[in-house]
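Colleague: Task: produce atomic coordinates for the following.
(one chain, ligands or ions: 2)
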Amino acid sequence: LLKRSVVSAAKSPAQTRCISSSSSPRRKVAVLGAAGGIGQPLGLLMKLNPLVTDLSLYDIAGTPGVAADISHVDTTATVEGFAGEADLAKALKGCDLVIIPAGVPRKPGMTRDDLFKINAGIVKGLCTAIAEHCPGALVNMISNPVNSTVPIAAEVFKLHGTYDSRKLFGVTTLDVVRARTFYSVLKGLPVREVNVPVVGGHAGITILPLFSQASPKVQLTDEEIEALTKRTQDGGTEVVQAKAGKGSATLSMAYAGALFAEACLKGLNGVENIQCSYVASDITNLPFFSSKVRLGRNGVEEVLDLGSLSDYEQKGLEALKEELQSSIQKGLDFVKPQH
Ligand code: NAD
Ligand code: LMR
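Modeller: Ligands and ions are numbered 1, 2, ... in the order given. Reported below is the predicted structural model:
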């Protein structure tokens, strides 16, 4: 299950169940959209995580049942379910980390940007409540289109005077998880030892895996690089098509979301670690960009630069900028049209 952190191996729940969390601080984590396809397994995985002491499961409906179910799991975290806007303040109060997988998923033929119309408003509302009730919390944004929902969140927090760019993250861990899986399968490498940075954004060509920086390093032909890159970029669509109208990635996303949340909690607890995430950034000319970041007590402690890129990756980087910039602008304009 949560056997690996993105950069280092962690203990399995079977092992971690036996370890007292008494030396760790109390950490309240909320999942907003907790009755959904991602929210339910993500809630379960957070309940299994010994770094979580209080788990708050919020959705517009259905959360009392999900919370009752998850609360019977014999791990330390307390579990509370909250349903409907009147309960949102209670769900958020005292949170250290808020994970947002609320909103509609894609159907075949749709782009992530097609979700903007519905999800932008959902994210704006939830972030307004975060600014009011837990302004210091880290926010892990899963709702699509991530390239726009993160700028929306930033603008909402700015409007409320609570914006701290170190605390807002677009979750791109699933892209890293996919790149690792595809690379290890193709080259017959032990997946637990594999790492591949993925930079840019989280949609189509804005997803840029850096196989030239993959470890362990093995020889890849140009055709292999092209195929691995395309499969990573189209990983979400592969799942949307296979689910044939029943939504998008939920289980692998819950796994990836739990890995990233754990990395954030470790950082808050003083265990610094490096992950890829879509954050406020000045390593390119785009205001938000996914790259390796060093997580620590304040959230993002450092945005790492891109390192050396192959010609193929350099072209990919130039090619993604226009789309990513326009998705960012769309998000900014949604909250503050005069941008
Ligand atoms: P889903 O429809 O199964 O679940 C979404 C949940 O959000 C539902 O339970 C719904 O009631 C809830 N919701 C809607 N409005 C809400 C509100 N105002 N407050 C709280 N909850 C609300 O969808 P899903 O498959 O879980 O996907 C959720 C989102 O995650 C989608 O936008 C999807 O595109 C995105 N996603 C992102 C990634 C990523 O890598 N970042 C991966 C997979 C899916
Ligand atoms: C994914 O990458 O699986 C998600 O962004 C969901 C989607 O719509 O592809």
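
Colleague: With residue 44 as the reference, measure out to residue 74.
Modeller: As judged by Cβ to Cβ, to the nearest Å, residue 74 and residue 44 stand 13 Å apart. C-betas here are computed from N, CA, C, even on glycine.

Colleague: More neighbours: the two, which one.
Modeller: Each of residue 74 and residue 44 has its neighbours counted (other Cβ atoms under 10 Å); residue 44 has more, 18 against 6.

Colleague: which residue packs closest to the more buried one, ignoring adjacent ones?
Modeller: Leaving aside its chain neighbours, residue 44 sits nearest to residue 70 (5.6 Å; criterion: Cβ to Cβ, 6 or more residues apart in numbering).

Colleague: So residue 290: helix, strand or coil?
Modeller: Secondary structure for residue 290, judged by DSSP: H, G, I helix; E, B strand; the rest coil, is strand.

Colleague: May I have the residues that are in contact with it?
Modeller: Residues near residue 290 by Cβ atoms under 8 Å, 6 or more residues apart in numbering: 170, 172, 198, 199, 200, 201, 202, 276, 277, 278, 279.

Colleague: In which helix or strand does the residue of the chain at minimum distance from ligand 1 reside?
Modeller: Using Cβ to the nearest ligand atom, the closest approach of the chain to ligand 1 is made by residue 36 at 2.1 Å. For residue 36, there is no enclosing helix or strand under DSSP states H and E.

Colleague: Let's see the pLDDT reported for it.
Modeller: For residue 36, the pLDDT comes out at 98.

Colleague: ditto for residue 16
Modeller: 40.

Colleague: ditto for residue 339
Modeller: 51.

Colleague: so residue 312 sits right up against residue 223, yeah?
Modeller: No: the criterion here is Cβ atoms under 8 Å, and residue 312 misses it with residue 223 at 11.3 Å.

Colleague: So for the two, which sits in the more crowded spot?
Modeller: Taking other Cβ under 10 Å, residue 312 and residue 223 do not tie; residue 312 has more neighbours (16 against 8).

Colleague: how close does that one get to ligand 2?
Modeller: 22 Å (Cβ to the nearest ligand atom, to the nearest Å).

Colleague: burial measure for the closest residue to that residue other than its chain neighbours, as a count.
Modeller: Setting aside the residues directly before and after it, residue 312 is nearest to residue 225 in space (Cβ to Cβ, 6+ apart), at 6.1 Å. A count of nearby residues for residue 225, using other Cβ under 10 Å, gives 17.

Colleague: what secondary structure does residue 225 sit in?
Modeller: Assignment for residue 225 (three-state DSSP): helix.

Colleague: My guess is it contacts residue 209. True?
Modeller: No: Residue 225 is beyond contact range of residue 209, at 9.2 Å (criterion: Cβ under 8 Å).

Colleague: Which single residue in this structure comes nearest to ligand 2?
Modeller: For the chain, Cβ to the nearest ligand atom, closest residue to ligand 2: residue 236, 2.2 Å.

Colleague: what's that residue in contact with, if anything?
Modeller: Contacts here follow Cβ under 8 Å, 6+ apart; on that basis residue 236 touches 106, 112, 174, 248, 249.

Colleague: if we look at ligand 1, which of those are close to it?
Modeller: 106, 174, 248, 249 (Cβ under 6 Å from any ligand atom).

Colleague: Mind telling me the two of those residues farthest from one another?
Modeller: 106 and 174 (13.6 Å; Cβ to Cβ).

Colleague: Who are the contact partners of the residue nearest to residue 312?
Modeller: Contacts of residue 225 by Cβ under 8 Å, 6+ apart are 211, 310, 312.

Colleague: Quick one: residues in contact with stretch 178-185.
Modeller: For stretch 178-185, using Cβ under 8 Å, 6+ apart, the contacting residues are 189-191, 194-196, 198, 209, 211, 214, 228, 231-232, 235, 252.

Colleague: how about that stretch, does it get close to ligand 2?
Modeller: No: Stretch 178-185 does not reach ligand 2 (Cβ under 6 Å from any ligand atom); its nearest approach is 7.9 Å.
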